[in-house]
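Asker: Okay, sequence plus prediction incoming.
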Amino acid sequence: MSEPFKTLTSKTLTLSQANIDTDQIIPARFLTTTTREGLGAHAFHDWRYEADGSPKPEAVLNRIDPTEQRILLAGPNFACGSSREHAPWALLDYGFRAVISTEIADIFTSNALKNGFLPIVVDQATWDDLAAHPEQPVTIDLDANEIRRGNAPAVPFKVESFARQCLLDGVDALGWLQSKLPYVTTFERLRNDAFQPETA
């Protein structure tokens, strides 16, 4: 699993197109791998490269520093299309840690949260405000469940509570369950002791 997600401060990268589907995020021909390492090279591949594999100089994703723009500001109906865990894997490996949009596909949201990538849905006014200030860092505070930009009012957002806890802890669902094994073992021991038959 990825590192714990508590706060993230970064500039945003705006991709305002509507209906960016999972095949655009990571084309199907790159889905043969079962690990996420290296998938960032193929994130938005057909936007970034010509048919012969040469980089498209006009592609914004080839001109940014992913260490400085770790928040994707995406158009509506982001990550629609087929379900594939490779989509959040590719975004994470490229350098993104979160996406903000007015609408995000449910199946992508589920896959993203399971893999340490934070999808956030905001209203249109908030999206427009963030898009109007691309050079101003944005802070996503998962502890407080809010987005902050400069002196603008903080914007609350919602994340399913269990997924939020896993993100804060930097674990997936299995890792969270494994962290509770000592409590399960203690409970089972106490229960077994309580129900031991009395001996004469």
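Answerer: Okay, I see it.

Asker: got the contact list for residue 88?
Answerer: Residue 88 sits next to 108, 111, 112, 115, 116, 117 when contact means CB atoms under 8 Å, 6 or more residues apart in numbering. C-beta: built from backbone N, CA, C; applies to glycine.

Asker: how far away is it from residue 159?
Answerer: 15 Å (CB to CB, to the nearest Å).

Asker: next one: residue 64
Answerer: Separation of residue 64 from residue 159 (CB to CB) stands at 26 Å.

Asker: List the buried residues of stretch 122-136.
Answerer: By neighbour count on 16 or more other CB atoms under 10 Å, the buried set for stretch 122-136 is 122, 126, 127, 129, 130.

Asker: I'd like these as JSON lines, with pLDDT appended.
Answerer: Below are the buried residues of stretch 122-136 laid out as JSON lines (pLDDT from 0 to 100):
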{"residue": "122", "pLDDT": "98"}
{"residue": "126", "pLDDT": "98"}
{"residue": "127", "pLDDT": "98"}
{"residue": "129", "pLDDT": "97"}
{"residue": "130", "pLDDT": "98"}
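
Asker: Those residues into JSON lines, with extra columns for distance to residue 76?
Answerer: JSON lines is the format used below for the buried residues of stretch 122-136 (distance: CB to CB, whole Å):
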{"residue": "122", "distance to residue 76": "11"}
{"residue": "126", "distance to residue 76": "13"}
{"residue": "127", "distance to residue 76": "9"}
{"residue": "129", "distance to residue 76": "16"}
{"residue": "130", "distance to residue 76": "14"}
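
Asker: Mark which of those residues are part of helices, please.
Answerer: 126, 127, 129, 130 (DSSP state H).
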